Every structure is written in C-alpha cells, then in structure tokens.
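# below: sequence and its predicted model.
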Amino acid sequence: MNTKLSAEQRAQMLVAAMNIDQKIAMLSQAQPVWAHYGVAGYVPGQPSLCIPDLVVNDAGQGVGDQEVNTTAFPAPISQASSWDSGLQHQFGAALGWEAWHKGINVQLAPGIEIDRLPINGRNFEYMSEDPFLAGQGAVAEVSGIQSNPVIATVKHYVANSQETNRMTDSSDVDQRTLEEIYTAPYETAVREGHAGSVMCSYNRVNGVYACENRDTLTKILKRQFGFDGFVMSDWGGTHSTAAAANAGLDMEMSLTPGQYFTAPLKAAVQSGQVPMARLNDMVLRILRAMFRVGVFDHPPAAEPADLIASPAGNSAPLNQFTKQEDLGTQSIEGITAHGVRETQRIPNGSTGSEVVLIDEYWYSDDLHMNVMIKHSDPRTGSVTMTLTQATRTDPDPSLFQVPEGYKPARNAMARAQ
C-alpha cells in the first residue's frame, strides 16, 4: 500500500475494500492460547488484502508466555521505583526490539493499574499507587515499545486492583475517584504515549463488566481521552456479543478461539443489533494502530525459526525439538487430561556436549487449560511438577486440540494475561 499516505488514510481505504467476513476475521484469535508457537494470541493475516498476522504476547518484565531465549528484566514496580523515565523508555525499546525479533508485533504491556491493595498478587507488574508516576512510566515504556513495529497495550482497564474473585468482583467507585485515580494513568498513556491498544479487565466496574462498560470504554476512554486505538479484552473477559461491541470492545481474546466476536457478531450486524458503522470502527481502530507503528511495513521475524532464535544475535539454534509423543488421557487431580511428552536436546554451556530434557504437558479436554507440567533436567537430576488449577469451562470442548508442532517454553516469565 502507498506508504506516503497517513495511517488514517490507509486504514480507511482498507476497511472500504473489506467484506463482512474479512472484517469479522480481524476481531478474535483463531487458535487456543499458546498454540501459535507459544504466544498468548494469534489473529491470522489476510494475504489477499496484504494484512499481516497479529501475534500477541505477554510482556510484564520481558517477552513472556512460552517463548524461549528471552531476557528477564527487572519487575515493572522496581523500574518505576527508580523514577527514571529515560531508563523505562530504554526498557520499552529493548522489549519491543526483542519481541519483534521473536515474531511478535503486539506486546501486552505495560501494566499501569493502581496498586490500591498491598496484597494484590499482580502489584509487581504494575507501577505505582500514584496515578502521576504510573502515567509517566506508561508514556516512557509505551513510546519505547512502539519505537519498534510493535503495538503496546496498556492494561488492565480499569479499577483492577485485586486478584481475589477477579472474574466476578465489582469495583464500586464514585466518578471523581474513578477519573482522578484509576483512569488518570490511562489518559496519560493515551494522550502522551499514543498507546495503540488498551486491554479491558476481568472485573466489573459499578456492577458492569469492564469489557462491556460503555461509561469507561466509550465515554471516558474513547471520547473524553480521544483514544483512537483498539480495545481488546483480557483472556476470557468477554461476556457478550452485541452488548460488548456496542459498549466499545473492539477485539475478543480468550483461552480458546473466539466465541462472541465470530459468527455471533456477524449475525448481530446483519440483524441490526450491532450497526455496520460500529463494526467498521472496530476494524478501523485495529488497522490504524497497525499502520501507525509500522506493522504493515515492517513484518516481524518469521516462525518457526524465531521461536528458538536468540535476539542477541546467536545464529545457532539453542533448542532442537527432536520428538513428540501422544500420551493419551489420564486423571490428574480428578481432572481428565490429555498429555504430550516432548524430548529436546540443548547445548550444555560451552562444553559442546548436549543435554536431553524431557517435558510432559497435560491439558484438560474440557477446560482447555494446562493441568500439569512435568520437567526433567539431567543437569540437576531434578524432576519438577507444576499443577495448574483449572477453573474455566468452555461450551465446545472439541475446539481445543494439542496443535501439531506445539513448542512449549523452558523459562516462561509471564503466563497470566
């Protein structure tokens, strides 16, 4: 496409050329979480329209999820404690650069929620209890990430200050407190940092789910703050089709392929429950952000080579996947799970010898989540097992399958959205 045109012009022209099915395909992920080379989310490109893939990944303190050979940076709360926005910008730039070289063009960072509760389990990946400091840190990190062809996502919008009952609790807050404390860092990130994306949170705000809350998504974020990027849901944070779309949600993300923003959204548009103008706006916002940061013009490194590549420049593959075995099903902690055993050989430091690692990954057939990970490392003689509490049911268990060529992580840093 004509690179001399503005991002707005290019996005408008592309939306005008799309049919309804092509538009719907932009609005949700196509594979289960981690199925596409270990990333959190994947929206396939559309070659007929020259639309590249959107490869979405966690990034609290580095390129996370199930990526390998990535850098563990200091926790965001430690970075913010430095009061050094220049250093935070450097972190963002390094994070975006590393992500792009790993085939990722949307980073789920920075987290800028207010640290209201000192016992919140995710305070380490937020920046501060002070909205000014959190906002300035957001600007620094966002501008650093987006100095690469990578979209930054500020999260978790909004009033998401606790993990206890996070899927159902309601943060009841008066308007002044909401705008002076909780939404203030997002305003700074949007107005000064020009963040391309915002992730809405799991909790309710004054009784209404954050990802279908018109007051916070449309009235405050999009109209009052002038946010022209796109809003994606947290993974499993979408609860409806028409209500969520009309409230201001632009993209559904989940542990499984899209449920609400797929065929149900098409039907809602065709029946008039969701205006075509709203569908066009959803797609336009995504495309505008992609054009603005260079996703179209600078595609990231190609899979699968980038999964095992070292962004530091080591051209030798550090991991060689040698064998995968189907282990069938068994009961783990009362949950029926499907297992895969994976054997790897990796270099043993500078000795030139090799070490064989054996991992077992067990997935629940009906809950679509990791149930157990078993890791055997002959270098230490250790066998570690990690049990994951499976809590989310899905209406269609057949959606989830262990994907062919699936490559789990050795040192994932951020597994939760």
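Cool, got the structure.
# how about the helices in the stretch 1-150 of the chain?
Applying DSSP state H, counting those that start in this stretch to the stretch 1-150 of the chain gives helices spanning 7-17, 20-24, 76-81, 85-101, 131-145.
# got a markdown table for those, with mean neighbour count too?
(Glycine included, C-beta is placed from N, CA and C.) As requested, the helices of the stretch 1-150 of the chain are exported to a markdown table (neighbours: other CB atoms under 10 Å):
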| stretch | mean neighbour count |
| --- | --- |
| helix 7-17 | 16 |
| helix 20-24 | 16 |
| helix 76-81 | 20 |
| helix 85-101 | 21 |
| helix 131-145 | 25 |
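# so where's the protein shaky on pLDDT?
Low-confidence segments of the chain (pLDDT under 70): 303-325, 333, 340, 342-359, 361-417.
# ok, now with 50
313-322, 349-351, 365-368, 388-417 (pLDDT under 50).
# domain map for it?
With domains defined by automatic domain parsing, the chain comprises 7-305, 319-399.
# tabulate those (JSON lines), appending distance to Met1.
Shown next, in JSON lines, are the domains of the chain (distance: least, CB to CB, whole Å):
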{"stretch": "domain 7-305", "distance to Met1": "5"}
{"stretch": "domain 319-399", "distance to Met1": "34"}
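# okay, those, which one's buried deepest?
Counting by mean count of other CB atoms under 10 Å, domain 7-305 has the highest mean neighbour count of those, with a mean of 21.
# so Ser178: helix, strand or coil?
Small correction: residue 178 is Leu, not Ser. Here Leu178 is recorded as helix under DSSP: H, G, I helix; E, B strand; the rest coil.
# thinking again about what came up before, and the helices of the stretch 1-150 of the chain: which comes nearest Ala210?
Ala210 lies closest, by CB to CB, to one member of those: helix 131-145, at 17.5 Å.
# ok, now which ones touch the residue lying closest to Arg214 once chain neighbours are set aside?
Leaving out its chain neighbours, the residue that sits closest to Arg214 by CB to CB, 6 or more residues apart in numbering is Ala247, at 4.2 Å. If you count contacts by CB atoms under 8 Å, 6 or more residues apart in numbering, Ala247 has them with 211-214, 217-218.
# just the ones of these in helices?
Among those, the members found in helices (DSSP state H) are Arg214.
# between the contacts of Ala247, which is nearest Val190?
Among those, and counting by CB to CB, the member closest to Val190 is Leu217, at 12.5 Å.
# any idea how far Asp172 is from the closest one?
Computed as CB to CB, to the nearest Å, the Leu217 to Asp172 distance reads 18 Å.
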